[in-house]
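Participant: Sequence and predicted structure are below.
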Amino acid sequence: MDRHGTPAGGRWFPAALFIVIAALVLVLWHGLEDREQQNLKARIEAEADYLGSHVEADLRGRLPALQRLARSWEIHRGLSEEEFSEEAATFILDAPGFQALEWADARGIIRWVSPLEGNEMARGLDLSFEKTRRDAFLAAKGGKEPILSRPVELVQGGMGLLAIYPTLVAGRFEGAILAVFQSTKWLDYVFSVKSLGSFYAADRKVAVLLDGEQIYVQAGFKELEGKVETASARTAMLGHDLTVQVRPTEAFIRRSRTPLPGIVAATGFVLALLVSVIAWLMQRERLAAERSRRTSSELETALAEKDRLESWLRRALSRIDLATQAGRMGIWTWHLADDRLTWNERMFDLFGVPADVSPTYATWRDTIHPDDIDAAEAHLNNAVLGKERFDTEFRVVLPGGEVRNIRAAARVERDAMGKAEYVTGINWDMTEARRAVEALRKKEEEVRLLLYSTAEAIYGIDLEGRCTFANPSCARLLGYPDVDSFIGRNMHRLIHYAWPDGEPMPIEDCNIFKAFREGKRVHVDNEVLWRADGTSFPVEYWSYPQVQEGRVTGSVVTFIDISDRLKAVETIRHMATHDTLTDLPTLRLYRDRLTMAMRRARRNGLSVAAMFVDLDGFKSVNDTYGHDAGDAVLREVAGRLGRVVRDTDTVARAGGDEFVLALTDLQARESAAAIAAKTIESLTQPINVNDRQVLVGASIGIALFPADGADVDGLIKAADTAMYEVKRAGKNNFRFAGDEGKGA
C-alpha cells in the first residue's frame, strides 16, 4: 500500500488489463494470419509445380520435331545446307525461344548455323574448346538419343543450353544437330504463357536452376529475397535436375490478404483501449500527487546531469582542438547576425591574414581568387538558404602572390523557427594534393600519347583473357573500326583461336597466356592472328606479365605484322635455290632432291633415274636471233620439260642449254625410256620467238640408281657420259649408261 492507500501494483492495473485483452486479440489475429500464410504458401508451391512441369513440357514438346529433323537426315542420307536451313527456319518460327539451330560435323566443328545473322561467331566453332560442350557432344556421339548439355556461356553472349541430336547415315555417325537455347529468351517465352489456375506474370518472380546452376532469373527476383516466401519445384529433365523457384510479389501478397485479421485486430485493440482508458481515468487523481513528487525529484537529477555534461563537453572541446591542430585544419564560425567570423590559429595561416586582425565576411571574401569568388559565395548562400550542403573547393591568393587550393565544408545551425543563426565549418590545404593529382594526370597523358602514337599493336588482358585496353594500331591491324569493338572480349577466342594451318588452338596451349601463368616474358614469331573478316596474318609478338602490388593481374601483348618480312625471306630463299631465267631449281637443289629420292628408293626397293638433257641446235638460235631469243627458247624448254614429267619428279637447269631431271620411284627401266621419248618429242616441236619459229632438239643421257651409280655424283656423271655418247652418235636421241648401242 502507498501513503494514499492505493495498492503498490494498482497503478499498473489499466495497462495490465489492456495487455490481457490485447493478448487475446493477438492470439486470435495470429491464428487468422497463419491460415492466410498457409493458403499463400500452398498457392506458391502449386505455381512452382505448374511452372516446372510447364518448362519440362515445353522442352519435351520441342524434341519430336528436332528428332524428325535428325530422322530426315538419316532417311535422305544427309541434307544440304540449304535444306537444313529451310527446315531449321520453319522449326524456329514454330517454336520461339531458340537462339539458333546448328549442325556440327563428326569432328565437332560447327558448319551450318540458322539463322546466321547474329550468330556469325558460332560458325566454325570447335565444340572441343570448352569442357561442357565437348562432354555433351561426345555423349551424343556415343549414343542414339538426344543429349541436353549443362549450362554453357554462349559465344553469342549470355547463358544457354545445347540439345544435341546425333545424325546417322546407315548407322554411321556423321555429326549432330544442336538446338541452342538462349536461357533468357527461351524461358521468357515459356513464362509469358498464362494458363487457368496460374498466377498472373506480374504477380510472381521466377528463377530456374539446372543441376544447381542458375540459368534464368527474372528482374526483381533477388530483391524479394528475405521479404516473401519462396517455393521450389524439382523435376528430372533428360538426365538433369531442373529446379523452378517462385516468389510472389509484395503487391500480390497484399491483394491476396483478406481484411478479416485486420478487422479482428482493430476491433479488439479499440475495445482494450476503451477499457484501459476507463480504468486509467479512475486512477488519474490518485496518481497526480505521486507524479508531482516524482517530477521534482527528476528535476534535481537533471540539474546534476547538466553539470556533469558541461564538464564532459569542456574536455571534449579540448580534445577536438588538439585534433584539429594535429590535422592542420582551420575551424571557423560565421555569426550571421553581426557578420562576425571566429577563427582558430590555423585559419589565419591558411588565408595569410595577420593574427591581430578581427576577421569578417569581407576578410574571407577578399582572399579568394577572383575567378572563384562567385562560385564560392553561391555555394555558401545556398547552404544558408537550405538548398545544398556547403562542401566545395576554391583558391586563395596570399599577400606574397602564392596561390593555395582550399577545401571547405560547413554546417548551418538554425533556431527553432528554422532561421539560420550561424555557420560552422572546417578548411584544409589541398595544394600539395592537387599538385600530385596534376602530376599523375600529366604522366597518364604521356603514357596515353605513347600508347596511341606507336605503330606497334598493343593490348592488355586480365587473367580471364578479357581485353582491358588497346591502342588504335591494334584495331587497325586486326580489321576492327575501333578498340571498343573488342574491349571486354576474350582475345584468345577472338583473334588467336587457331594455328596457322587452321586447326583449333586449345586455350591451354596459348603462348600469350603463358606470360601470366608462368610469370615471365614470352616471344613468338611463328604463329598467326585472325582478323575480324576471318583471314589470318603472320605475327611476331611479345607477351609480358602485368604485375600490380606484387601480384600478376594479366599480361600486356605487343605484336607486329611480319607478312612483308616472310615474303622477303621466302623470295631470298627461292632465289638461292632457283635459276633466275627459267625459275627451275638450281643444280644444288636438284642434288638434294636426287639424294632424298635415292634414299627412298633404297628403302622401298625401287629405282631412280638421273636424266641429263643437252639441247641440239641452240647455239644457232643465239647466233641467228640473239641472246634475247635464246633466253625465250630456254624458258619455253623449261616449261615443256615441266609438263612432261610427273609431280614427284624434278626438272633443274644445270647451266647454259643443259638440264637435268630426277625421275623417282620407277618400277622398270622402260618408264624412264618412255619419259625420255616424250621429252624429245616435246622439245622437237617448233618454238615461236618474235613471230618466228625455231627448231631445237635434245640429246639425253640416262643413269639408273642403283645399277649405274651408288651416289649422286656417280649417277650424274654416268648420265652426262651417256648424253655425250648420243651427241657423238648423231644427236636428238637418248641412251642409257652402259648401253653399247643407242636407246630408242
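Facilitator: Arrived safely. Keep in mind that what you see is a predicted model, and the values were worked out from it rather than measured.
Participant: Based on its surroundings, how many neighbours for residue 685?
Facilitator: Neighbour count of residue 685, defined by other C-beta atoms under 10 Å: 11. All C-beta atoms are positioned from the backbone trio N, CA, C, and that covers glycine.
Participant: for residue 121, that is, sorry about that
Facilitator: Summarising burial for residue 121: neighbours were counted as other C-beta under 10 Å, giving 15.
Participant: Which pLDDT value goes with it?
Facilitator: According to the per-residue confidence, residue 121 scores 86 in pLDDT.
Participant: what about the nearest residue to residue 55 once chain neighbours are set aside, neighbour count?
Facilitator: Taking C-beta to C-beta, 6 or more residues apart in numbering, and ignoring the residues beside it in sequence, residue 55 has residue 190 as its nearest neighbour in space, at 5.6 Å. For residue 190, the neighbour count with other C-beta under 10 Å is 18.
Participant: Then residue 278?
Facilitator: The local packing of residue 278 (other C-beta under 10 Å) involves 11 other residues.
Participant: what does residue 588 give?
Facilitator: 10.
Participant: which residues touch it?
Facilitator: With contacts taken as C-beta atoms under 8 Å, 6 or more residues apart in numbering, residue 588 has the following neighbours: residue 577.
Participant: show me the contacts for the most centrally placed residue in the chain.
Facilitator: With distances taken as C-alpha atoms, centre = their mean, the residue of the chain nearest its centroid is residue 489 (2.8 Å). Counting by C-beta under 8 Å, 6+ apart, residue 489 makes contact with 466, 467.
Participant: Could you double-check that residue 22 sits in contact with residue 271?
Facilitator: No: here residue 22 lies out of contact with residue 271, judged by C-beta atoms under 8 Å, at a distance of 9.3 Å.
Participant: which of the two has more neighbours?
Facilitator: The neighbour count for residue 22 versus residue 271, taken as other C-beta under 10 Å, is higher for residue 22 (18 against 15).
Participant: Distance check, the residue nearest to residue 55 against residue 164.
Facilitator: For residue 190, the distance to residue 164 (C-beta to C-beta, to the nearest Å) stands at 20 Å.
Participant: Same check on residue 81?
Facilitator: From residue 81 over to residue 164 (counting by C-beta to C-beta), the distance is 19 Å.
Participant: These two - which one has more neighbours?
Facilitator: Neighbour count, other C-beta under 10 Å: between residue 81 and residue 164, residue 164 has more, with 25 against 12.
Participant: which residues does that one bridge with?
Facilitator: Note on residue 164: beta-bridge partners by DSSP bridges are residue 147, residue 178.
Participant: residue contacts, it?
Facilitator: Applying C-beta under 8 Å, 6+ apart, we find residue 164 in contact with 136, 137, 139, 140, 146, 147, 148, 149, 176, 177, 178, 179.
Participant: I'd like to know how many residues surround the second one.
Facilitator: If I follow you right, that is residue 137. Residue 137, neighbours per other C-beta under 10 Å, totals 23.
Participant: Packing partners of the helix or strand containing it?
Facilitator: Under the criterion DSSP states H and E, the helix or strand holding residue 137 is helix 131-141. With contacts defined as 3 or more C-beta pairs under 8 Å, 6 or more residues apart in numbering; DSSP states H and E, helix 131-141 has these neighbours: strand 147-148, strand 159-169, strand 172-182.
Participant: hmm, who's touching the stretch of helix or strand residue 375 belongs to?
Facilitator: Taking DSSP H and E as the definition, one finds residue 375 inside helix 373-384. In this structure, residues lying in contact with helix 373-384 by C-beta under 8 Å, 6+ apart are 336, 365, 368, 388-390, 392, 394, 408, 410, 412, 420, 423.
Participant: Tell me the one among these nearest to residue 510.
Facilitator: Taking C-beta to C-beta as the measure, residue 510 sits nearest to residue 392 out of those, at 51.4 Å.
Participant: Measure how buried the closest residue to the closest one other than its chain neighbours is and give me the count.
Facilitator: Setting aside the residues directly before and after it, residue 392 is nearest to residue 379 in space (C-beta to C-beta, 6+ apart), at 4.7 Å. Using other C-beta under 10 Å as the criterion, residue 379 is surrounded by 19 other residues.
Participant: where does residue 379 land on pLDDT?
Facilitator: As predicted, residue 379 sits at a pLDDT of 89.
Participant: Kindly state the domain boundaries assigned to this protein.
Facilitator: With automatic domain parsing as the criterion, the domains of the chain are listed as 12-277, 327-435, 455-566, 578-736.
Participant: Next, the angle helix 131-141 makes with the helix or strand containing residue 103.
Facilitator: When secondary structure is defined by DSSP H and E, residue 103 falls within strand 98-105. Direction vectors for strand 98-105 and helix 131-141, defined by axes from the mean of the first three to the mean of the last three C-alpha atoms, to 10 degrees, enclose an angle of 60 degrees.
Participant: that older thread, for residue 391, see how far away the residue nearest to residue 392 is.
Facilitator: Shown here: residue 379 relative to residue 391, a distance of 8 Å by C-beta to C-beta.
Participant: now residue 99
Facilitator: Using C-beta to C-beta, one obtains 50 Å as the distance from residue 99 to residue 391.
Participant: Dump the contacts of residue 164 into TSV; add pLDDT as well.
Facilitator: Written out in TSV, the entries for the contacts of residue 164 read as follows (pLDDT from 0 to 100):
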residue	pLDDT
136	85
137	87
139	84
140	84
146	84
147	86
148	87
149	85
176	90
177	90
178	87
179	88
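Participant: can you count the residues close to residue 124?
Facilitator: By the criterion of other C-beta under 10 Å, residue 124 has 15 neighbours.
Participant: same question but for residue 230, I mixed them up
Facilitator: Residue 230 has 17 neighbours, counted by other C-beta under 10 Å.
Participant: try residue 573
Facilitator: Using other C-beta under 10 Å, residue 573 has 10 other residues around it.
Participant: so what's it up against?
Facilitator: Shown here is residue 573, which makes no contacts under the criterion C-beta under 8 Å, 6+ apart.
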